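> Model the structure of this input:
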Amino acid sequence: MPDPLFFLLLLVCAGIPIGIGLLLYFVPRRAGHPRAARYLTVGYSVLVGLLVLLVGFEDRLFTKTEASALIQQHGIELTDEFELLNNKSMSGIGDYYHTFSLEISEPDKHRVISQIKRSKDFHADSSSRASLLRGPNRYAGPERVRNYETKDGFIRESFKPSGKPGYAPTFHRISISKARHQLQFEDIDE
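All right, here's what the predicted structure looks like:
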């Protein structure tokens, strides 16, 4: 049986917008402005509907331009045409996870791999990963970046503290597959 708290939360989340809509209709109507009541209610309904659609279809509205911008934040630029293979995001209270995969060209793949290999902090194994995620302070300090190679690919990870205690730091991972022409991006805020 589902949790009663879930139903209460659902009732509150649905009840507040419905209550606002009813107020926008009945207050102007009782004040003698039925036409204004209809316009306010229709306008409010359209705004709530758009908000629900944007949240519901967020993954499908993600574009190649947005993917490119996220990758460029880490100094990686794709010069050739690429294909967005998949895009998924999930969120919970205090957590956010976003990942997408791109099919990239052979020249872009080799250029990104050589860029990762030429990084001053490049390691030929993944031993540096633990120190990146478990730094001395998750909430303060400079952004930490690690570049390394695994048996499956080349990885660039970035850990950016939030700057405020209690706020989630941001962890980004860009991985290039050795076997395929794929770039995977992960954004984890926890």
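> how does the protein divide into domains?
The chain breaks down into these domains under automatic domain parsing: 4-56, 64-189.
> Leu8: neighbour count?
By other C-beta atoms under 10 Å, the residues close to Leu8 number 10. C-beta: built from backbone N, CA, C; applies to glycine.
> Can you give me the pLDDT of it?
Note on Leu8: pLDDT of 82.
> How about the one 5 residues further on?
The score at Cys13 is 80. That number is its pLDDT.
> Output the lowest mean pLDDT helix or strand found in the protein.
Lowest by mean pLDDT, DSSP states H and E among the helices and strands of the chain is helix 128-133, with a mean of 55.
> Given the helix or strand just after that helix, what are its sheet partners and their directions?
Where DSSP states H and E defines the elements, the next helix or strand beyond helix 128-133 is strand 144-149. Strand pairing for strand 144-149, using DSSP bridges, gives strand 122-123 (parallel), strand 153-160 (antiparallel).
> other SSEs contacting whichever helix or strand comes after the longest one?
With elements assigned by DSSP H and E, the helix or strand that comes after strand 153-160 is strand 170-177. Packing contacts for strand 170-177, counted by 3 or more C-beta pairs under 8 Å, 6 or more residues apart in numbering; DSSP states H and E, involve helix 106-117, strand 153-160, strand 182-189.
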